[in-house]
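Enquirer: need coordinates for the below:
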Amino acid sequence: MPRTRTDLSVARYDLLVVGGGIHGLFAAYDAATRGLSVALVDQDDFGSGLSFNHQRTIHGGLRALEHAHLGKARQQIHERRTWARIAPHMVRPLPFLVGTYRFSKRSRWLVRAGFATYDAIGRSRNRGVAPELHLPKSRLESAAATKRLFPGINEKGLSGGAIWYDYQTRHPDRLNWTVAMAAEQAGAVLGNYLQVIGPLKDGGRVAGARVRDLVTTREWDLQASVTLLAAGSGLSALQAAFGATGAPSLVRAINVLLDRPARDIAVAAPSRSGRMLTAVPWRGYVLVGTYQSRDLVTGPENAPPDGVIDEFLTDLNSAFPRLQATRADVRMTHHGLTPAVVRGGRADLMPEPVVLRHPEVGSGLLSLVGVKFTTARLAAEGAVDAVCHALGRSRAGSKTASTVLPHAGIADSEGRLVELERSLGAPLERDVLEHLTSWYNTEGPAVLQHAADEGGLGRLAAGTPVLAGEV
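Expert: Numbering: from 1, shown residues only. Got it, this is the predicted structure:
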């Protein structure tokens, strides 16, 4: 995909989406499949914010059930299933384990009752999903099995363990890009490193935006009947440029990838601060999160402030004492700002996505505030419904929940790769084969052929399955 396949200054669009994270990408994709002419711009790489910096899990709403939000839990189960149907090669079932304790809100009988409700709500969780991606029912484990599966678990009052299943997305950056490809194939025009300077106005309407190319410094007017701001943590500044308000407060969210060998099960435990943390296996290491700041964050933040990682490590070591993690063990940090609300004087994560209308600047402007990767598709669908209403168009049904994403069709992509490697006389080691299959799926053979043509069948670096020819 060239940076700008079409000159964005030569046409007027039905919809301009500002922000190329997972919410903006899904909005552009959804709108284009409904027949709208769509342009999307982002001032950075697509999916460079929280759409990459998260814990790589597609949740089924178990925490919502803990707070008796049955409708929300059902919605998240539905969206989790949707991911497995539209991107089957990019997700995998992953078991999660938490301890049960006598005389606590996580007692064995309370967890059993909660799991029974959860399984009843999610009885259709595997409908239309490939058999290899079916999620088993939740279950209880004995104390002995729990201690074996979760070394270092707090054994005081331990009565056993509870296991449930969610999906893990191993390559969130590739998944974001696949949605971008789907948007382009549906007719949307996408461009990155394009900065929105301010609004275009047509009487009392917002009629698009003035855009600057950060590579060439060229500026032009990008005309659109409706502009949708989906800029994540940059929403407040972008709204200010348009004279609009309503962006939510923000809190800091952090995960750390630790240089510790991982078992193929995620474990969850409360930390000293009271927050439930999860240690998830990812690429052979342990990804722990999510740390959340107690107070609201004001202004942009490109990296965690001094001392925050140390504070997080102290907290995660209280939840997972066997990790004994230090700063030297941190291989990578996921950091970002996420929408928040203040309740009882305490900042907490915003519970639901919202579409904002801006009567203070007239018509033609909407904002989408997304809160979860799991529900990004559904949130974008609601935003495009609002766009269609603003355009006076009939609200045609969204197709994004039932259309398989590019290169995600069920096919024997690994078998085709094996056939090609044999014909090339270039045997691949198992980790390379698995990488090409999980990353590219049906596109894998074309990538392998390209690598062979370029003389790039060697590894890019020792210890990585990435081939030089992929770059």
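
Enquirer: how close does residue 293 get to residue 275?
Expert: Going from residue 293 to residue 275 by CB to CB, to the nearest Å gives 11 Å. All C-beta atoms are positioned from the backbone trio N, CA, C, and that covers glycine.

Enquirer: show me which of these two is the more surrounded one.
Expert: The residue with more neighbours, out of residue 293 and residue 275, is residue 293; 21 against 15, by other CB atoms under 10 Å.

Enquirer: what sits against the closest residue to the more buried one other than its chain neighbours?
Expert: Leaving out its chain neighbours, the residue that sits closest to residue 293 by CB to CB, 6 or more residues apart in numbering is residue 252, at 3.9 Å. Residues in contact with residue 252 (CB atoms under 8 Å, 6 or more residues apart in numbering) are 291, 292, 293, 297, 301, 304, 308, 335, 336, 337.

Enquirer: show me what the second one is bridged to.
Expert: Taking DSSP bridges, one obtains residue 253 as the residues bridged to residue 292.

Enquirer: check the fourth one too.
Expert: For residue 297, the residues forming beta bridges with it (DSSP bridges) are residue 250.

Enquirer: show me the shaky parts of the chain.
Expert: For the chain, the stretches with pLDDT under 70 are 1-7, 410-411.

Enquirer: quick one: the helices in it?
Expert: Using DSSP state H, the helices of the chain run over residues 22-33, 62-66, 70-86, 108-121, 143-149, 172-185, 235-242, 308-319, 376-391, 413-424, 430-440, 444-453.

Enquirer: so which of the ones you listed comes closest to residue 367?
Expert: Nearest of the helices of the chain to residue 367, taken as CB to CB: helix 235-242 at 6.2 Å.

Enquirer: could you tell me the end-to-end distance of stretch 208-219?
Expert: Criterion CA to CA, to the nearest Å; first-to-last residue distance in stretch 208-219 is 14 Å.

Enquirer: show me the contacts for residue 214.
Expert: 43, 193, 194, 195.

Enquirer: do that again at 7 Å, thanks
Expert: 43, 193, 195 (CB atoms under 7 Å, 6 or more residues apart in numbering).

Enquirer: likewise for residue 81?
Expert: 125, 127, 129.

Enquirer: and residue 215, by the same measure?
Expert: Contacts for residue 215 (CB under 7 Å, 6+ apart) come out as residue 193.

Enquirer: please apply the same query to residue 288.
Expert: When contacts are counted by CB under 7 Å, 6+ apart, residue 288 touches 255, 256, 258, 277, 279, 316.

Enquirer: and with 8 Å instead?
Expert: 255, 256, 258, 277, 278, 279, 280, 316, 320, 323, 325.

Enquirer: just those: which are in strands?
Expert: Members of the contacts of residue 288 lying in strands (criterion: DSSP state E): 255, 256, 258, 277, 278, 279, 280.

Enquirer: among these, who's most crowded?
Expert: residue 279 (27 neighbours).

Enquirer: tell me the bridge partners for that one.
Expert: Residues in beta-bridge contact with residue 279 (DSSP bridges): residue 267, residue 288.

Enquirer: so it sits against residue 290, correct?
Expert: No. In this structure residue 279 lies outside contact range of residue 290 using CB atoms under 8 Å: 11.4 Å.

Enquirer: the closest residue in space to residue 38 that isn't next to it in sequence and residue 144, how far apart?
Expert: Of all residues not flanking residue 38 in the chain, residue 188 sits nearest, at 4.1 Å (CB to CB, 6+ apart). According to CB to CB, residue 188 and residue 144 sit 54 Å apart.

Enquirer: related to what we said a few turns ago, reformat the contacts of residue 214 as CSV; add neighbour count and distance to residue 360.
Expert: Putting the contacts of residue 214 into CSV (neighbours: other CB atoms under 10 Å; distance: CB to CB, whole Å) gives the following:
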residue, neighbour count, distance to residue 360
43, 19, 24
193, 16, 30
195, 16, 23
